[in-house]
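**Student:** the sequence and its predicted three-dimensional model are supplied below.
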Amino acid sequence: MARRHREVLQVLIADIVAGSRQPGEQLPRETDLVEQFRVSRGVVRECIRALEERHLVSVKHGRGATVLPSSSWDMLDADVLAAIIDSPQGGDVLSEYLECRQILEIEAAGLAAERATGEDLERLKDALDRMQVSAERPPSRAAEELFHEADLGFHAALIGATGNRALTSLVEHIHKALLTARYPTARPEYRVERALPEHRAILKAVAAGNRSGARRAMAKHLETIGGYLQEYVEEYRSVATR
């Protein structure tokens with residue numbers, strides 16, 4: 001999608017997520033959106049299609065686009081998630097993501113401990129090594145992205161080590177969204193003393209075939225993230241009430 005298309009789309013998504021456009025409300029007509037954003041009708045139509053694909057609106061011929069309730073939204077879409085994180089709903093949605101991870105990844109760690117092959121362990125070690133290198137780089141946006149990609153690579157490798165193809169496919173969609181969701185709870189200052197040792201503990205338990213140990217290590221890691229999430233929510237509320 002071209003830059004101008006994306007800019008218009010992100011504004012429309014933000015309007016819906018923020019409640020400026022309520023469920024059941026019609027979006028402005030194409031001609032009004034063309035005038036408002038100073039773009040072509042083609043750009044507007046593409047943006048409306050993108051909103052429909054994300055289940056933010058329902059489009060019917062002759063009636064235009066109608067805003068849908070949040071229960072219909074594609075919560076795994078990065079653009080939708082980014083808009084929600086920037087809204088008062090952000091903490092609640094991040095809590096839901098954490099619950100998903102607790103439900104899926106703790107048990108997955110146990111299965112990985114029982115089923116991981118030598119290749120699986122190499123992938124886990126490689127991802128952990130990349131996390132280590134990224135964490136030791138001077139702070140920068142690029143270093144942050146490298147760390148998050150390596151971190152997701154570790155968790156993806158862990159899911160892959162379960163040998164469960166359905167689970168791998170399911171979690172793949174969640175992990176893509178997590179590239180957006182992770183930044184609010186990122187704590188670079190604690191990576192060397194917390195994140196890296198927690199991931200090493202997971203890998204050690206998986207490599208040892210210790211199912212209960214792997215589950216405990218993953219639970220501890222996600223508990224740490226839960227603490228960061230609580231800090232984020234409290235900071236957001238503090239800023240919002242000033």
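**Tutor:** Here it is on my side, so go on. Residues are numbered from 1 along each chain as shown.
**Student:** quick one: residue 191 from residue 70, how far?
**Tutor:** Taking CB to CB, to the nearest Å as the measure, residue 191 and residue 70 are separated by 33 Å. All C-beta atoms are positioned from the backbone trio N, CA, C, and that covers glycine.
**Student:** the more surrounded of those two?
**Tutor:** A direct count of neighbours by other CB atoms under 10 Å for residue 191 and residue 70 places residue 191 higher, at 20 against 17.
**Student:** quick check: chain neighbours aside, which residue is closest to that one?
**Tutor:** Nearest in space to residue 191, with sequence neighbours left out and distances taken as CB to CB, 6 or more residues apart in numbering, is residue 135 at 4.2 Å.
**Student:** shouldn't the one you found be in contact with residue 187?
**Tutor:** No: counting by CB atoms under 8 Å, residue 135 does not reach residue 187; the two are 11.1 Å apart.
**Student:** any idea which helix or strand carries the residue of the chain most remote from its centre?
**Tutor:** Here the centre of the chain is the reference, and by CA atoms, centre = their mean the most remote residue is residue 62, at 35.7 Å. Here residue 62 is covered by no helix or strand, with elements defined by DSSP states H and E.
**Student:** do you know how far it is from residue 36?
**Tutor:** Taking CB to CB, one finds residue 62 at 22 Å from residue 36.
**Student:** repeat that for residue 118.
**Tutor:** 58 Å.
**Student:** check residue 215 too.
**Tutor:** 52 Å.
**Student:** what residue lies at the spatial centre of the chain?
**Tutor:** residue 178 (2.2 Å).
**Student:** residues in contact with that one?
**Tutor:** Residues near residue 178 by CB atoms under 8 Å, 6 or more residues apart in numbering: 97, 152.
**Student:** now it: phi and psi?
**Tutor:** phi -70, psi -20 (degrees, to the nearest 10).
**Student:** now the lowest-mean-pLDDT helix or strand in the chain: buried residues?
**Tutor:** Using mean pLDDT, DSSP states H and E, the weakest-scoring helix or strand in the chain turns out to be helix 165-181, at a mean of 81. Using 16 or more other CB atoms under 10 Å as the test for burial, helix 165-181 gives 167, 171, 174-175, 177-178, 180-181.
**Student:** next: stretch 72-84.
**Tutor:** So stretch 72-84, judged by 16+ other CB under 10 Å, has buried residues 73, 75-77, 79-84.
**Student:** can you check stretch 85-94 too?
**Tutor:** Those would be 85, 87, 90-91, 93-94, for stretch 85-94 by 16+ other CB under 10 Å.
**Student:** end to end on it, go ahead and measure it.
**Tutor:** In stretch 85-94, first residue to last residue: 8 Å (CA to CA, to the nearest Å).
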